[in-house]
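Chemist: Whatever this is, show me its structure:
(2 chains)
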There are 2 protein chains.
Amino acid sequence: MDAEPIHRRGLMLVLSSPSGAGKSTIAKEILARDKNIAMSVSMTTRPKRPGEVVGRDYHFVDKADFNLMVNRREFLEYAKVFDNYYGTPSEPVLEALAAGRDVLFDIDWQGTQQIAEQARDDLVSVFILPPSTTELERRLKKRAQDSLEVVARRMSKASDEMSHYAEYDYVLVNHDIEQSVTRAMSILTAERLRRERMVGLGEFVKGLRAGQ
Amino acid sequence: MDAEPIHRRGLMLVLSSPSGAGKSTIAKEILARDKNIAMSVSMTTRPKRPGEVVGRDYHFVDKADFNLMVNRREFLEYAKVFDNYYGTPSEPVLEALAAGRDVLFDIDWQGTQQIAEQARDDLVSVFILPPSTTELERRLKKRAQDSLEVVARRMSKASDEMSHYAEYDYVLVNHDIEQSVTRAMSILTAERLRRERMVGLGEFVKGLRAGQ
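Modeler: Numbers count the residues shown, from 1 in each chain, chains lettered A, B, ... in the order given. You can find the predicted model right below:
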């Protein structure tokens, strides 16, 4: 397909949503359907849990090493959640982009803002909304047999997250998983065709104009 | 699917390319596959040709009326080609956009620039390139039994047109019509999902957050 000497710079596809809006399912389907995009692997200071695979689920480091990387500005984004740190090391992501591979992120609005500050041009951000609060509540309740209090707290967190929808490039209202996955795939396909992501396009057009 | 009270502002999808790159075929396929996009109908001062249908192929006016519209700034773009004028009246396009319908344009870089000056936010521009000069020449020669001189003139015009690829949002290298149509449709699908095109999104999110 790419007989022409045009390469493509990879992109970062960020999916954010309140929990319960269907983000994880959409992310999983994108990874299953497209071989040129891989999930970003975060680094964390929390202990490894049974069943987790190093380098697939997380990279595990201690707090001293994490702080060292923070000071060296080696994270695209990071956050403290309760007593633990979570972050995305920049190096593997930037290597993937340079090689024309895309990277998928499942992060919240704060992570998205940090990435935007460092690499806006490579960022494609998608906010996923539930079709209604009733549906969101239903999905959050279905997840576990949680107390009403826990569900209420999650609804409140969902409301906070949703207040940041306006910082995103695209918005998907997730009525139907299949429709949402198809739409997310179209966003990925389209964004790959943006002129700014094509490397060597100027030379290619010069060649066409010179009659090569 | 659009049970939520979100409307969408329509967009203008502009396809430009040197003649022979496959633009008309791609445009025809988009119109056949998507019922929410219609071809923009130009106005011209040239005489109607046999077989042309008023309002489908062109709107025909005399030069005095055309000039009146130019002076009233009632064109999104216009140009003089030899002794005749061609232009896109703004009103029907703006009406379509406000009603959430998309409009397809098959125009050159000059028309695209004029539209960008008036309505950049509603414009999605796609430049189509041939895979090689050999292929472009083959397609231009196939079109008619033209003299070598005519083909050479068209190649020179194609070269001029191609020098403007860098003013476009997206670039398609047309190796294969089916692939290019699919890609153009993905651009259309993705651009419809841009947050800025959604009307009533703020109210919808406010409702979700309030628990409606």
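
Chemist: Which of the three states applies to A:L68?
Modeler: helix (DSSP: H, G, I helix; E, B strand; the rest coil).

Chemist: And chain B, is the host helix or strand of A:G207 touching that?
Modeler: If you go by DSSP states H and E, A:G207 is part of helix A:201-209. Yes - residues of helix A:201-209 contacting chain B under CB under 8 Å from any CB of the partner chain: A:201-202, A:204-205, A:207-209. (Glycine included, C-beta is placed from N, CA and C.)

Chemist: Please pull out the lowest mean pLDDT helix or strand from chain A.
Modeler: Least confident helix or strand, chain A: helix A:133-143 with a mean of 81, by mean pLDDT, DSSP states H and E.

Chemist: Against which helices or strands is that helix packed?
Modeler: When contacts are defined as 3 or more CB pairs under 8 Å, 6 or more residues apart in numbering or on different chains; DSSP states H and E, helix A:133-143 packs onto helix A:148-162, helix B:201-209.

Chemist: tilt between that helix and helix B:201-209?
Modeler: 50 degrees (axes from the mean of the first three to the mean of the last three CA atoms, to 10 degrees).

Chemist: and the closest residue to A:T88 other than its chain neighbours, backbone torsions?
Modeler: Computed as CB to CB, 6 or more residues apart in numbering or on different chains, the closest residue to A:T88 that is not its neighbour in sequence is A:L76, at 4.4 Å. Backbone torsions of A:L76, given as degrees, to the nearest 10, read phi -70, psi -40.

Chemist: Repeat that for the one 3 residues further on.
Modeler: A:A79 adopts backbone torsions of phi -150, psi 160, taken as degrees, to the nearest 10.

Chemist: ok so, going back, double-check the residue nearest to A:T88 against A:A119; I have them as touching.
Modeler: Yes - between A:L76 and A:A119 there is a contact under CB atoms under 8 Å: 7.1 Å.

Chemist: Tell me which of the two has more neighbours.
Modeler: A:L76 (25 against 16; other CB atoms under 10 Å in any protein chain shown).

Chemist: list the contacts for that one?
Modeler: A:L76 makes contact with A:87-90, A:93, A:114-115, A:118-119, according to CB atoms under 8 Å, 6 or more residues apart in numbering or on different chains.

Chemist: Counting only strands, which of the residues you listed make the cut?
Modeler: Mapping the contacts of A:L76 onto strands (DSSP state E) picks out A:87-89.

Chemist: TSV for those, including pLDDT, distance to B:A38 and neighbour count?
Modeler: Listed next are those as TSV, based on pLDDT from 0 to 100; distance: CB to CB, whole Å; neighbours: other CB atoms under 10 Å in any protein chain shown:
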residue	pLDDT	distance to B:A38	neighbour count
A:G87	97	49	23
A:T88	97	44	23
A:P89	97	48	18
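
Chemist: Does the most centrally placed residue in chain A belong to a helix, a strand or coil?
Modeler: Central residue of chain A (CA atoms, centre = their mean): A:F105, 1.8 Å from the mean position. What three-state DSSP gives for A:F105 is strand.
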